[in-house]
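[1] Pasting the sequence and the predicted model now:
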Amino acid sequence: MRKILVIVPFVMSQDNLLLRQQQLGGLEFGPELQFEFRTVKAGPANYSSHHDFVLADVANFEAGCRAQQEGFAAVCIDTMSDSGVAALRSVLDIPVFGPGKVSMLAALMLGDRFSILTMASRWKPLYKKALDELGLHHKCASVRAIEVPPDNQALLGGKEDEVFPLLEQAAHKAIAEDGAEVLILGSTTMHQAHAYLAQRLPVPVINPGPLSYKMAEAALALDYRHSRIAYPKPMHPRLDMLEAMVAGARTRPAGGT
């Protein structure tokens, strides 16, 4: 049995964690693969500023830095920000994937230009960071936000009648007005809208979380790993310090400065 660790980037209840695990629904994997979803111990309340991105890198890095020692064969990060991916690749020899860059690169195998559908404009710096690093701004037709407050705990539950049609309207505008040939859901918290949109739109709609799981499966099957030239190991690892920092944050009262 080979285990894949999925790091969920927020602290949450078991019931809300199950909503994340629903991303596995409808996917087929060989009997030798098993997925384990794990929340971070502490981190930002949302991912809407560069302040949050720094905390998210630390939180996700700490949650997975011992994954190889724990017997996992691969790691997936459950956020389009890919927070912690680069740091984890520097300390792990197993494949590590995030859905952000994977989705953008996969979109270019399905069409020439893509648009991102997102809940709020506050998330746009998250996509800009990935586009900057990939040099793909010229391939991104648009980022269309519906301006509905996101919920990283309950996701879209109870808001389907409001959110799904708004996403569909934004998608049609991205296709007709912006020239998008492929659409990407802008967050793994939006996965519940994928089936609705895929049935109603004339272009492929990428569901980022499941795509990252399939990438991990493919990497394991093909024995692919990240480049040690691109992601060199640290000269002086400080994983104990990292874990102590996060443990301290975990015990600090919410709302502390």
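    The structure has been received and is ready for your questions.

[2] packing partners for the longest helix along the chain?
    Longest helix of the chain, by residue count under DSSP state H: helix 160-176. Helix 160-176 sits against strand 114-118, strand 140-145, strand 182-185, helix 194-200, with contacts defined as 3 or more C-beta pairs under 8 Å, 6 or more residues apart in numbering; DSSP states H and E. Where C-beta positions appear, they are placed from N, C-alpha and C, glycine not excepted.

[3] Spatially, which residue comes closest to residue 225, not counting chain neighbours?
    Nearest residue to residue 225, sequence neighbours excluded (C-beta to C-beta, 6 or more residues apart in numbering): residue 95, at 5.7 Å.

[4] mind checking how far that neighbour is from residue 13?
    Applying C-beta to C-beta, to the nearest Å, the value for residue 95 to residue 13 is 29 Å.

[5] which one of those two has more residues nearby?
    Shown here are residue 95 and residue 13; by other C-beta atoms under 10 Å, residue 95 has more neighbours (22 against 11).

[6] quick one: that one from residue 2, how far?
    Distance of residue 95 to residue 2, given as C-beta to C-beta: 11 Å.

[7] any idea how far residue 208 is from the residue nearest the centre of the chain?
    Centroid-nearest residue in the chain: residue 79, 2.4 Å away (criterion: C-alpha atoms, centre = their mean). Distance, residue 79 to residue 208, using C-beta to C-beta: 9 Å.

[8] Kindly report the same for residue 225.
    From residue 225 to residue 208 the distance is 21 Å (C-beta to C-beta).

[9] Same check on residue 149?
    For residue 149, the distance to residue 208 under the criterion C-beta to C-beta works out to 20 Å.

[10] What of residue 55?
    21 Å.

[11] neighbour count winner among those two?
    residue 208 (27 against 20).

[12] so who does that one touch?
    Shown in contact with residue 208 (C-beta atoms under 8 Å, 6 or more residues apart in numbering): 80, 99, 100, 102, 103, 184, 185, 187, 188, 191.

[13] try residue 101
    By C-beta under 8 Å, 6+ apart, the contact list for residue 101 reads 82, 130, 133, 134.

[14] Buried ones among those?
    Neighbour-count burial (16 or more other C-beta atoms under 10 Å) is assigned, among the contacts of residue 101, to 82, 130.
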